[in-house]
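S.K.: sharing a sequence plus its predicted fold:
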Amino acid sequence: MSRLKHTEVHPLSADQMDKDSLVFRERELPVPCEFLSVSFNQGDRLRLIAEDIPPEVLNTVRVLLGQTVQDEEWKIDHMAYEFKLFG
């Protein structure tokens with residue numbers, strides 16, 4: 001994410017000891033501010049949520065996850081993209 005000029009803002013979780021979601025923001029805060037959320041679903045899925053997910057973000061995640069990706073699809077057009085992982 002740092003190659004795309006994003007930095008971690010804060011891990012989020014209902015349990016203080018568990019960090020199951022991360023919020024990212026651009027290093028240079030634009031106006032209005034853009035956020036990207038990464039969540040884990042059903043134990044084997046990674047979901048990216050943002051207002052308009054750029055293709056270069058999806059490509060970077062594909063490269064990082066490599067052959068651990070079994071399937072991928074838009075859950076909500078241009079707002080929620082999910083990677084199904086092996087396992």
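M.R.: Sure thing, it's come through.
S.K.: next, count neighbours for L36.
M.R.: Neighbourhood size, L36 [other CB atoms under 10 Å]: 20. To be clear about C-beta, it is placed using only N, CA and C from the backbone, and glycine gets the same treatment.
S.K.: so what pairs up with it in the strands?
M.R.: In this entry, L36 is beta-bridged to F24, by DSSP bridges.
S.K.: from memory it sits against I49, does it?
M.R.: Yes. Between L36 and I49 a contact is recorded at 7.3 Å, counting by CB atoms under 8 Å.
S.K.: for whichever strand or helix holds V38, what is the average pLDDT?
M.R.: Here V38, judged by DSSP states H and E, is contained in strand 35-41. Averaged across strand 35-41, the pLDDT comes to 84.
S.K.: now do the buried residues in that strand.
M.R.: By 16 or more other CB atoms under 10 Å, the buried positions in strand 35-41 come out as L36, V38.
S.K.: C-terminal to that strand, what's the next element?
M.R.: Sequence-wise, the next helix or strand downstream of strand 35-41 (DSSP H and E) is strand 45-49.
S.K.: the next helix or strand along the chain from that next one packs against which elements?
M.R.: Sequence-wise, the next helix or strand downstream of strand 45-49 (DSSP H and E) is helix 55-65. Secondary-structure packing of helix 55-65 (3 or more CB pairs under 8 Å, 6 or more residues apart in numbering; DSSP states H and E): strand 45-49, strand 80-85.
S.K.: in CSV, list these along with mean pLDDT and mean neighbour count.
M.R.: Formatted as CSV, those follow (pLDDT from 0 to 100; neighbours: other CB atoms under 10 Å):
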stretch, mean pLDDT, mean neighbour count
strand 45-49, 93, 18
strand 80-85, 95, 18
